[in-house]
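Colleague: When you get a sec, could you give me coordinates for this:
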Amino acid sequence: MIGLESWLTRHMWAFGGAPAQPDPVHEVETNLAVIEPLLGKPMSGSRPRPSNPAGRVEVFVTDQDRRALTARTKTLGIPDDAAIVTIHPGATWRPRAWRPERFAEVARELLARYPVHICFVGTTEDLDIADRLMILVPDRRAHFLFDLRLMETATLIERSVLFIGNDSGIAHVAAACGTPLIALYGPQDPRRFRPWSARAITLHKRVPCFPCKQTICVVPSNPCVNLIFVEEVVRNAEAVLGPPVEISVAP
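Modeller: This next block holds a predicted model:
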């Protein structure tokens, strides 16, 4: 009976017939509630919220980390004063990942509209995505850094004017760095798992099979994250970067 009730609720929601449900508690608040008894005092008054940037979770980047990153970016031909947009196209569970072709289209649009450098980041497990992107974004201002350690990635994101990526741990690193970010969500509920930052923009489309248990995708040929359009991401990027500008950087 519980399974039937859950199925009916999801399908009623998909067709607009389900009653409004309260937003679930975010995982940050859930975890804080767990440790409150250990601290011996309530934390409700100091509990961070996305509307309170000062209360965000933080990653601490050192000056040594920044100097090491500057040395690396110089070898890539990125000037010290250049604006960087970091893009993370991978995900631990691949149905969470937007199509590489769409990330490539976003990158090409931003390179055409702004004097920015695009840094794609990921792990060695994402090298197939990196290979595809290298073909699709043949621009000298596009860089493919799939060999960085986590702290190096965090330092790069802290240096960036914008982060764009899938629902992943790296998106939460971006939030902790205080960098403006656009996070693309598919199977996982962003109300519970969105990046905890007032500077985060979360894009998500509801489908009948949401919320997903993330064990097997019922539409593997086109996971729900791909219902997000390139134009939506570019429009939100412009909201962060400002109006497009005339650039004199050679392609």
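Colleague: what comes into contact with stretch 66-77?
Modeller: 80, 84, 117, 140, 143, 152, 155-156, 158-159 (CB atoms under 8 Å, 6 or more residues apart in numbering). From N, CA and C alone the C-beta is placed, and that goes for glycine too.
Colleague: Looking at these, which one is closest to residue 57?
Modeller: residue 158 (13.8 Å; CB to CB).
Colleague: the strands in this protein, which residues?
Modeller: 83-88, 116-121, 142-145, 162-166, 181-185, 200-204 (DSSP state E).
Colleague: any chance of those in JSON lines, with mean pLDDT, distance to residue 234 and mean neighbour count too?
Modeller: Listed next are the strands of the chain as JSON lines, based on pLDDT from 0 to 100; distance: least, CB to CB, whole Å; neighbours: other CB atoms under 10 Å:
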{"stretch": "strand 83-88", "mean pLDDT": "98", "distance to residue 234": "12", "mean neighbour count": "23"}
{"stretch": "strand 116-121", "mean pLDDT": "98", "distance to residue 234": "13", "mean neighbour count": "25"}
{"stretch": "strand 142-145", "mean pLDDT": "98", "distance to residue 234": "16", "mean neighbour count": "19"}
{"stretch": "strand 162-166", "mean pLDDT": "97", "distance to residue 234": "10", "mean neighbour count": "27"}
{"stretch": "strand 181-185", "mean pLDDT": "96", "distance to residue 234": "10", "mean neighbour count": "26"}
{"stretch": "strand 200-204", "mean pLDDT": "94", "distance to residue 234": "12", "mean neighbour count": "20"}
